[in-house]
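A.B. asks: Generate a structure from the sequence data that follows.
(one chain, ligands or ions: 1)
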Amino acid sequence: MSQLKTVPLSEIDNIPSTPGKFKSEKSPYVDRLRFHSTISRLTLWSSFFLAFTIFFFFLSSPSASSSPAVGSPRRALGDSWGGPDWEKRVSKSARRNSASGLTVLVTGAAGFVGTHVSAALKRRGDGVLGLDNFNLYYDPNLKRARQNLLDRAGVFVVEGDINDSALLQKLFDVVPFTHVMHLAAQAGVRYAMQNPGSYVHSNIAGFVNLLEVCRSANPQPAVVWASSSSVYGLNSKVPFAEKDRTDRPASLYAATKKAGEEIAHTYNHIYGLSITGLRFFTVYGPWGRPDMAYFFFTKDILKGKTITIFEAPDHGTVARDFTYVDDVVKGCLAALDTAKKSTGSGGKKKGPAQLRILNLGNTSPVPVSKLVSILEKLLNVKAKKKLVPMPRNGDVKFTHANISIAHKVLGYRPTTDLETGLKKFVRWYLDFYSGSKKSAW
Ligand SMILES: O=C(O)[C@H]1O[C@H](OP(=O)(O)OP(=O)(O)OC[C@H]2O[C@@H](n3ccc(=O)[nH]c3=O)[C@H](O)[C@@H]2O)[C@H](O)[C@@H](O)[C@@H]1O
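C.D. replies: Okay, here's the model as predicted:
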C-alpha cells in the first residue's frame, strides 16, 4: 500500500508563504502593510499546511491505517467497526458449539491459509472470528470471494489491521478468545526488495502489537502463528530440522519471520504466553495466492505467456518442498489443540509457558521444472519456458522439511503429493476464473 506522504515540518518552513510574484511597492506605509499582510498570509499558509500535516499523519499512522506499503485498506478515517450490531456479529461468529470447543481469533482470515483454517475450525464446531486488512498486495476480489465463502460458513471477518490496538482490544473485550491463530503477514519472498517497509509493518510491528494485546488479555490466549521455511536461509544440510541454525536469511521476508520467532521467545519468557510457531513450506492449493509461482505459472501458461524458471548455478535444480493446504490446515488445528494454556494473567507471568517451533512441510522436494511439467499435463497446454539463472532476489535453491517433531507432537502426516494437490488447484482455478465465481472448496 502506498504510504500517504506527510509534509515534514522542516519543509513547511521552506514553503513560500505566497506563491507567485508581488508587485513591488515603494512607500514605507505600504511596506508595513505588506509586512503585516505577509505575516498573516504566512500564518494562514502555515496553519493550512499544519492542518494537512496532522490530517495525513493520522491517515498514515499504523493505528489508523492498514499496512503502510501495500494498498490502502478501505477504512482509512473513521472506523467501520464498533456498535451493538457489529458486536452481536462478532459474538455470534465466535460462539462455539460445545463447551470443550475453542474460541479462536484468526488473523489474516481472508488470506489463503487463513480462509482454509477458519472454515475448518468452524466446521468442527469451534467459535471463529476472522480479522483481515484486505490490503492490495494481490487481487482484493479474491480476498473478498474468500470472505463471502467464510460468511456463508458463519465466520465473520472483521476488516481491520493487526496494528490497530484499539480494535484488537475491543475484540478481546467482546470475546474471551482461548486461542489466536495468527496468519496475517506480509508474505512473498521476492516482493521484499520492492517494499521492505510492508514486511516490517506487518511481520514485526503488527506481531508485537498483537502479542501486546494478548499478554494483557485476561485470560491470556494461546498463540499459534505462521513462521516460514525461509528462516533456514542459506543452509545446505537437508532435510531442514528445527534445531538447525537460522541466522543466515536470504531475504528480508525471512529475516522478519526469524525476528518473529525471537519476539515470540521474549513474550513467552516475560509474560508466560503459550506460543507455537509453525514453519510453513511453500503451501499451495485451491484459493491460493496469485503471487506464488504455481499460481501465476498456471495463469501465464493458459495465456500463452512465457514463464521464467530459475536455475541454480551450473544449471542446478531449484526445488521446493511444496505442501498441500489441507495438510497444513491439519497441522494448524493440531497445533491449536495441543497448545497448552498461557500462564500469565493481568500482564504478569505466573510460571513457565509452552514455546514451540515446528516444521510443516511435505518431506519430498520437487524441482520447479517438474512443477511446470505437471501443470502442462493438467492444463493440456505446452508452456513457453525461459530458463534463467536464479536472480539474487531472496530466493533459496531448495527447501526440504524434516517433520519428525511435528509428527511426534501433532500427529502431523502430510498425505498429498504435488500432482494430486495441483489437480485440485487447477480444477478450482478453472472454475473460479471461468466467471462462475461459485467455486466451493
Ligand atoms: O516456504 C515458505 O516459507 C515460503 O513459500 C513461498 O515462497 P517460495 O517457496 O519462494 O514460493 P514461490 O514464490 O511460489 O516460488 C516457488 C519456486 O518457484 C521459483 N520461481 C519463482 C518465480 C519465477 O518466476 N520463477 C521461478 O522459478 C522460485 O525460485 C521457487 O523455487 C511463499 O511465497 C512464502 O510466503 C513462504 O513463506
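
A.B. asks: what does the model give the closest residue to Ala192 other than its chain neighbours for pLDDT?
C.D. replies: Nearest in space to Ala192, with sequence neighbours left out and distances taken as Cβ to Cβ, 6 or more residues apart in numbering, is Leu252 at 3.9 Å. The C-beta positions use only the backbone N, C-alpha and C, and glycine is treated the same way. Looking at Leu252, its pLDDT stands at 97.

A.B. asks: Just the endpoints, please. Distance across stretch 340-347?
C.D. replies: By Cα to Cα, to the nearest Å, the extent of stretch 340-347 from end to end equals 17 Å.

A.B. asks: buried residues in stretch 114-127?
C.D. replies: Neighbour-count burial for stretch 114-127, counted by 16 or more other Cβ atoms under 10 Å, picks out 114-122, 126-127.

A.B. asks: rewinding a little: near the residue nearest to Ala192, how many other residues are there?
C.D. replies: When neighbours are counted by other Cβ atoms under 10 Å, Leu252 registers 22.

A.B. asks: Is Val231 in contact with Pro249, as I believe?
C.D. replies: Yes. Between Val231 and Pro249 there is a contact at 6.5 Å, judged by Cβ atoms under 8 Å.

A.B. asks: Report the set of residues contacting both of those two.
C.D. replies: Common neighbours of Val231 and Pro249 are listed as 257-258 (criterion: Cβ atoms under 8 Å, 6 or more residues apart in numbering).

A.B. asks: Compare the two (neighbour count), which wins?
C.D. replies: In this view Val231 and Pro249 are compared by other Cβ under 10 Å, and Val231 has more residues nearby, 28 against 21.

A.B. asks: Pull the contacting residues for the residue nearest to Ala192.
C.D. replies: 192-193, 196, 199, 394.

A.B. asks: ok, the residues you listed vs the ligand, which is closest?
C.D. replies: Gly394 (7.9 Å; Cβ to the nearest ligand atom).

A.B. asks: so what's that closest one closest to, chain neighbours aside?
C.D. replies: Ser251 (2.8 Å).

A.B. asks: Give me the distance between the one you found and the ligand.
C.D. replies: 9 Å (Cβ to the nearest ligand atom, to the nearest Å).

A.B. asks: burial of that residue, as a residue count?
C.D. replies: Neighbours of Ser251 using other Cβ under 10 Å come to 24.

A.B. asks: Check Val224 too.
C.D. replies: What Val224 shows, counting by other Cβ under 10 Å, is a neighbour count of 29.

A.B. asks: How about the secondary structure of it?
C.D. replies: What DSSP: H, G, I helix; E, B strand; the rest coil gives for Val224 is strand.

A.B. asks: my guess is it contacts Phe280, does it?
C.D. replies: No. Counting by Cβ under 8 Å, Val224 stays clear of Phe280, with 11.9 Å between them.

A.B. asks: Extract the CA atoms of stretch 429-437 and return them as PDB.
C.D. replies: C-alpha atoms of stretch 429-437 as PDB (Å, rounded to 0.1, in the frame of the first residue of the first chain):
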ATOM      1  CA  TYR A 429      -8.600 -22.200 -10.800                       C
ATOM      2  CA  LEU A 430     -10.600 -23.100 -14.000                       C
ATOM      3  CA  ASP A 431     -13.800 -23.000 -12.100                       C
ATOM      4  CA  PHE A 432     -13.100 -19.700 -10.300                       C
ATOM      5  CA  TYR A 433     -11.800 -17.800 -13.300                       C
ATOM      6  CA  SER A 434     -14.400 -19.200 -15.700                       C
ATOM      7  CA  GLY A 435     -16.600 -16.500 -14.200                       C
ATOM      8  CA  SER A 436     -18.900 -18.800 -12.300                       C
ATOM      9  CA  LYS A 437     -17.500 -17.400  -9.000                       C
END
